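>>> Predicted coordinates and the sequence they were generated for:
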Amino acid sequence: MSSTNDDGSEARNVGEGPPPSEDAKESIPGEPKPIPRAISAKRLAVVIGGIILTLYLGATIGPPIGRGLHRAWSAVAGSKGEATGEAGGQHYYTCSMHPWVIEPKPGNCPICGMKLVPLDPAKFSGEVTIDPVVLQNIGVRVEKVALGSETGSIRTVGTVTYDETRLVDVNLKVSGWIEKLRVNSMGAPVKRGQPLFDLYSPDLYSAEEEYLLARRASQRVGSGGGSSSAGLGNDLLEAARTKLSFFDINNAQIAALEARGKPLKNMTISSPQSGVVIEKQAFEGMKVTPGMTMYRIADLSRVWVMATVYEYQSQQIKVGQPATMTLSYLPGEQLAGKVVYIYPYLDEHTRQINVRLEFPNPHLNLKPGMYATVLFQGTETPKRVLVSRSAVIDTGERQVAFVAFGGGRFEPRTVHMGAETEDGKVEILDGLKPGDLVVVSGQFLIDSEARMREALAHMMKGTPVGEATAPKPALAGPASIVLPAAANAALGVALDGYLAVGQALASDTTTNMGVSARKIADAIDALVAMAIPNQPHYWHDHAEAASVKQKALDLAAASTLDDARRAYALLSTVLSKLLHGTGVPRSYGQKLEDAHCPMYPDSKGQGSVWIQAAGAIRNPYFGKAMLTCTDWQRPYPVVQ
């Protein structure tokens, strides 16, 4: 819709098209429109020349400009470039199915034929990077390495026992009978000189009589005035007194005997020391003989504590070193003692060394048999690098700590540990310095990631898989038998059927596979029915022939391509074993070889073999998906 302005021009609404051209105004509705004029040749040449110049410039200077822009962006963004290694910008590629395959240039996997993909260059470095969110979720904690001193204290367990230098046995040197028992229970405390029992001994009574007679004779001779007789009397008296002392009769008892002037039937045996009765073999009325131990008395005013330390701690223990002891039934109380002896041998079962300590026991609080916690006190050492023991992973072959740089970045450091402290710290001889942040919790996840990176770095130093020669199984030796012509013919029929199945599976089809599989079974059935010259039990000794027939029948019954390939793998295993024993007949007319697919697992998960005509690889287990997948080939022997 239009209107006329004041100046005579025609006004148009917003959205309406431009005014009609003169040509349009002159055209008559219903008549054909005029043909537009053609582009001149000069203009067309200019357009074509511009297009050619643009393509030329793009091909020649485009890549350098692109690389320059890429380097500029990498410098700004910090990118290392895709799949670029650390040394000289080297690119590396790997296989998605075989990650151990690493090549310095793009191409196909030498095992499965799949296209190689770029490898992340960050995996070549020893540094590990983990998402901070993941670190938070697994509870990774860090701690600062610091200088500190250690006292060399060692905490261990000990057992209270008797001081063996304060044990006394009460035994007899004469025979006799116990007339009266004065201490009649174990554990009873006794004092030195306290009566233990009364003993009647004929030998002791006679010795007392002899002493009294010698004493009277000595007194009579002495009053007579003869010097020689007096000397003899004194000798007899001294001999009788010595005999009594050898029977453990003390001076007080001898003095009492002299005062009485006559022997007593019973002699009282007293305790030789104060202590506690810990063994008792005496009973009232019993007959005793020389050498019998009646009592064992222990002085508990001082006790021993037997503690154990590991062999690596033994150098920190010295004789005379102070130690403290705590007991569970005396909470809060520490008892002081010292090391008195370090045993010169090692317990073969526990790999520990016994250490003897000595503790005073005036109040008899320490009772033999008690368990105690012993702390060997060392002297303070100079300042040294200390870190929590949990920060070091000790595998037996190496000791590793992880240093944190922030932002989820970590670096494994090999360290060497020294002595451990009482508060859970360990000395670091080298590998860390004060101020380093080390991981003290959750480092096992980081360690597993670091090991993967380390393995990749080691791969970079070796020969690329594509350039290396994989070890192959040894070539099959010559067959041990010569089959008759009829047997060779039957074996050839079986091989024809087998190769036909392999070709079908390599083409991802099961067409006519049942016919070929039954052909194998029938041919093997005929083969094992034939006698082998000079080896009548050959087929009994080679049961794989019968297995070939059964596996072929299983293959014939397979209904799907996957089932057929599984049955084919089992058939290939037993048929390969059979061929290595018989060889391929020369009359068969073609050479055969074993091939191995590492990607198709057998019953042991080690890959599967198949038999094919020598030449190009045609993998029957994956078909067109990985037609050339193999890691070795091995020819079969050809026999007459």
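That came in fine, so what should we check first? Residues are numbered from 1 along each chain as shown.

>>> Surely residue 153 touches residue 420?
No - in this structure residue 153 lies outside contact range of residue 420 using C-beta atoms under 8 Å: 10.2 Å. For the C-beta atoms, the positions are set from N, CA and C on the backbone; glycine is no exception.

>>> Select the helix or strand of this structure having the lowest average pLDDT value.
strand 10-12 (a mean of 41; mean pLDDT, DSSP states H and E).

>>> how's this protein carved up into domains?
56-119, 133-150+382-461, 173-291, 302-376, 485-639 (automatic domain parsing).

>>> Residue 160: which of those is closest?
domain 302-376 (4.3 Å; C-beta to C-beta).

>>> avg pLDDT for the closest one?
The average pLDDT within domain 302-376 is 91.

>>> That domain spans what distance, first to last residue?
Domain 302-376 has its terminal residues 19 Å apart, counting by C-alpha to C-alpha, to the nearest Å.

>>> what's the answer for stretch 546-565, then?
End-to-end for stretch 546-565, by C-alpha to C-alpha: 20 Å.

>>> for it, what is the average pLDDT?
91.

>>> do the same with stretch 426-437
For stretch 426-437, the per-residue pLDDT averages 90.

>>> Buried residues, it. List them.
Residues 426, 427, 428, 431, 432, 436 are the ones in stretch 426-437 that count as buried (16 or more other C-beta atoms under 10 Å).

>>> and of those, the nearest to residue 600?
So of the buried residues of stretch 426-437, ranked by how close each gets to residue 600 (C-beta to C-beta), first place is residue 431, at 46.4 Å.

>>> ok, for that closest one, nearest residue in space, not its chain neighbours?
residue 415 (3.2 Å; C-beta to C-beta, 6 or more residues apart in numbering).

>>> Would you agree the one you found is in contact with residue 428?
Yes - using C-beta under 8 Å, residue 415 is in contact with residue 428, at 5.4 Å.

>>> Need the overlap of contacts for these two.
392, 401 (C-beta atoms under 8 Å, 6 or more residues apart in numbering).

>>> And the helices in the stretch 251-400 of the chain?
251-260 (DSSP state H, counting those that start in this stretch).

>>> since we're on residue 616, how many residues are nearby?
Using other C-beta atoms under 10 Å, the number of residues around residue 616 comes to 8.

>>> for it, helix, strand, or coil?
Here residue 616 is recorded as coil under DSSP: H, G, I helix; E, B strand; the rest coil.

>>> One more: residue 520?
helix.

>>> Equivalent analysis for the one 4 residues further on, please.
Under three-state DSSP, residue 524 falls in the helix class.

>>> Need the nearest residue in space to it, chain neighbours excluded.
Leaving aside its sequence neighbours, residue 524 sits nearest to residue 549 (C-beta to C-beta, 6+ apart; 4.4 Å).

>>> residues near the residue nearest to residue 431, how many?
Counted with other C-beta under 10 Å, residue 415 comes out at 22.

>>> Same check on residue 626?
20.

>>> Isn't it up against residue 108?
No - counting by C-beta under 8 Å, residue 108 is not a contact partner of residue 626; they are 10.2 Å apart.

>>> do you know how far the spatially closest residue to residue 393 that is not a sequence neighbour is from residue 411?
Leaving aside its sequence neighbours, residue 393 sits nearest to residue 400 (C-beta to C-beta, 6+ apart; 4.9 Å). Counting by C-beta to C-beta, to the nearest Å, the gap from residue 400 to residue 411 is 10 Å.

>>> Touching both of these two, which residues are there?
Here residue 400 and residue 411 have no joint contacts, going by C-beta under 8 Å, 6+ apart.

>>> ok, the two, which is more surrounded?
residue 400 (19 against 16).

>>> need the contact list for the more buried one.
392, 393, 412, 413, 414, 415, 447.

>>> now, which of the residues you listed sits nearest residue 214?
Of the contacts of residue 400, the one sitting nearest to residue 214 (C-beta to C-beta) turns out to be residue 392, at 82.2 Å.

>>> give the contact list for that closest one.
399, 400, 401, 415, 417, 426, 428.

>>> For the last one, name its beta-bridge partners.
Partner residues in beta bridges with residue 428: residue 417, with DSSP bridges as the criterion.

>>> what are the ranges of the helices in the stretch 401-550 of the chain?
Using DSSP H, counting those that start in this stretch, helices in the stretch 401-550 of the chain cover 443-461, 485-506, 513-528, 538-541, 544-556.

>>> Fine by me, thanks again.
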